[in-house]
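# just to be clear, the model below is a prediction. Sequence and coordinates:
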Amino acid sequence: MIKNIVLILLIATTNCFAQHYKTYDWSEKPQLHKLSPEELKASTVGILKKHIVEYIPNGDANPECFETEHTITRVNDDKGIAQNNTVYIPMNGVKQVVDIKARTINPKGQVTLLNKENIKEIKNVEEYGDFKIFAIEGVEKNSEIEVLYTVEKKFDIFGFEILQKDYKIKDVQFLFITGTLNSEIKAYRTGVPFRDVTVDSSAAKLLELKDVPAMVDEEYATPDANRIEVAYQCYPKDQIYTQNMFWANVAYNVGSKFFFKDTTDVVNDDLALITDGKTEMSNFEKASRVDNFIKTNFTIVKNNNDELTDLSYILKNRSASDYGILKAYGYYLKALNVPYEIVITANRYDYKFDPDFFIPNMLRSFVIYLPTEKKYIAPDHIESRVGEPPFNIEGNYGLFIKPDYDYYFKKITEEDPKYSRIKRDIDITFLDDFEKVSVQEYQEYTGHWAETNRAVMALSSEQGIKDFKDYLTGSGIEDKEIVDYKVENADMNQLEYNKPFIVKSKMTSESLLEDAGDSYIFEVGKVIGTQSELYQETKRVNPIEMQYPNQYDYTITITIPEGYEVEGLKSLAIDKSYKSDTGEKICKFESTYQLNGNKLVITVQEYYRSNEYDLDRYDEFRSVINASSDFNKSSILIKAID
């Protein structure tokens, strides 16, 4: 869709140039590569990943574009074989396949070549498009798989390539051949610069990386978006484009579709339903009513049918694409005189949005920003209502488009770092002469917690709701018996900003108590539920990213029966924090206690003011995370008074 927005006429004027892809080839006599003892322990090791992008001037027509991919991969065990014995070649944007070849070199040095008759084409693989696919023949443990193919692509100014895999690659090369054409290229998440080189008399740029580590899936991370990659642009030498020109094109083309000069009588009946006859409303309430109305009455359809982007069709049939639904929002907001801006960004788990380099693939997520309220509407998030930005775009930059089609960039952050909070008041008593524990709990969930809870209650199956009830009433306590359970403010449609989702419950458990002679061990930490922990032994790879800023405030009141006292309280006092350069605590776990007569009151506060933390300070961050897990394991001794 975005590529259709960027409408640019390109004219090339050059005639005859060498074509590197025609002469590039693999070694005539392949040999197994030597690996270190550590590399031999891995299931898969990349020996080479070389990607060549070659733009060739083509007279007055658009430049030709050829892409060559050359990989050599060592598979050391059955897992490595299973991961690499089938090759998928994407056909998206491919005009024609120039050549495909592959071979296997086994530990004895024997070579098995690909039988090209075994190459198949499959259509629309999990919505990723078409692929050429073939199985690798002759592969066994400690073999090397070599694949080399070239395709001619349809001309596109823009492109990108991911250079990092989930296994180590010893040699990574990206060669960008543009000759006399104008071009820009940028590498992400590597400090190694491109070198200017000449290839067959054509100007080119080469990026060479050695021993690129495996990208690993870690908690509190966005590994897919953190991979090393390159993005590039190429166009004729007699045409000059700037990044600002690309962004301005998008701002104009998107803005002209989603900002309206006026509205017609078509929406009058809907406005009566939206406002419910109310005339005096804040912009927040107007926007909330629009959001509730659309998410209750409209359906988003996942296809590219043109009707689903036509405003008249959308309003009449209550059906739109995820792109077209923005028109309905814009139309109703305009009719109610609510100022708004359109924001284009990316899911931060997939892409890191770069305001300084135009990459169409980044332009995947649309939200609406209300500048007078400093709040967001997420049309394609059925669970959310007007409030802070969705967690999957928070921390990314966005392109903010104004009604006059002017634009600016801004990092998408929460205005209120305490937006998402869980508050718990827990009262604990002991029943039947220490046969069981009674836990009475009052909980308030706000922000993203509340949105998720409401969505689960409204959209889950009967079994899903049953499982969720278990989660909300002491997760991790297997023998619990729920005596009472009630939720309030569970409706997904809300007009009040950040109204809490409330849970009131009472349960009993025998497993929280353990006999110890004439005393009892009470596992008090378990009443806060199962906690995350970070006891990773390997070196951290990814920068730290929380799902969203959040806060937990717990008050646990334990009534000590007459004739008993408590010991082991020091384990309840924990204080771990991560401070900013100015000394401010930006995340912490702190638990304290007070013993007042027969009441033991434990106070816990844990918070994360930001969703981003320095990788270099990972140990400090995980000490806070692990503190909550440590508290979850804490116990006290309830002892009979002599």
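Ah, there it is. Numbers count the residues shown, from 1 in each chain.
# ranges for the strands of the stretch 1-150 of the chain?
With DSSP state E, counting those that start in this stretch, the ranges of strands along the stretch 1-150 of the chain come out as 44-58, 61-75, 86-90, 94-105, 111-113, 120-122, 131-135, 143-153.
# who are the packing partners of the last one?
For strand 143-153, the contact count by 3 or more Cβ pairs under 8 Å, 6 or more residues apart in numbering; DSSP states H and E identifies strand 61-75, strand 86-90, strand 94-105 as packing neighbours. Heads up, the C-betas are built off the backbone N, CA and C, glycines and all.
# swap in the first one?
Contact here means 3+ Cβ pairs under 8 Å, 6+ apart; on that basis strand 44-58 packs against strand 61-75, helix 78-84, strand 158-162, strand 169-177.
# pull up the pairing partners for it, direction included.
strand 61-75 (antiparallel), strand 169-177 (parallel) (DSSP bridges).
# coming back round to it: just tell me which of the strands of the stretch 1-150 of the chain ends up closest to residue 609.
strand 44-58 (39.4 Å; Cβ to Cβ).
# returning to what we had before: want to try CSV for the strands of the stretch 1-150 of the chain, with distance to residue 309 and mean neighbour count as columns?
Compiled in CSV, the strands of the stretch 1-150 of the chain are given as follows (distance: least, Cβ to Cβ, whole Å; neighbours: other Cβ atoms under 10 Å):
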stretch, distance to residue 309, mean neighbour count
strand 44-58, 32, 22
strand 61-75, 27, 20
strand 86-90, 27, 15
strand 94-105, 27, 16
strand 111-113, 49, 13
strand 120-122, 29, 11
strand 131-135, 28, 17
strand 143-153, 27, 21
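# next one: phi and psi at residue 291?
phi -60, psi -50 (degrees, to the nearest 10).
# who's in contact with it?
329, 377, 385, 386 (Cβ atoms under 8 Å, 6 or more residues apart in numbering).
# in which helix or strand would I find residue 592?
Element membership of residue 592, judged by DSSP states H and E, is strand 585-596.
# buried sites along the next helix or strand after that strand?
As assigned by DSSP H and E, the chain's next helix or strand after strand 585-596 is strand 599-608. Burial within strand 599-608, assessed by neighbour count using 16 or more other Cβ atoms under 10 Å, is assigned to 600, 602, 604, 606, 607, 608.
# show me what strand 599-608 is packed against.
strand 550-559, strand 585-596, helix 618-632.
# and the helices and strands packed on strand 44-58: which comes nearest residue 549?
Nearest of the helices and strands packed on strand 44-58 (Cβ to Cβ): strand 158-162, 29.2 Å.
# just how off-centre is that closest one within its chain?
19 Å (Cα atoms, centre = their mean, to the nearest Å).
# partners of it, with directions?
strand 229-235 (antiparallel).
# got the helices and strands packed on strand 599-608 as a markdown table, with mean pLDDT, mean neighbour count and distance to residue 459 columns?
Putting the helices and strands packed on strand 599-608 into a markdown table (pLDDT from 0 to 100; neighbours: other Cβ atoms under 10 Å; distance: least, Cβ to Cβ, whole Å) gives the following:
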| stretch | mean pLDDT | mean neighbour count | distance to residue 459 |
| --- | --- | --- | --- |
| strand 550-559 | 97 | 19 | 22 |
| strand 585-596 | 96 | 17 | 31 |
| helix 618-632 | 94 | 19 | 29 |
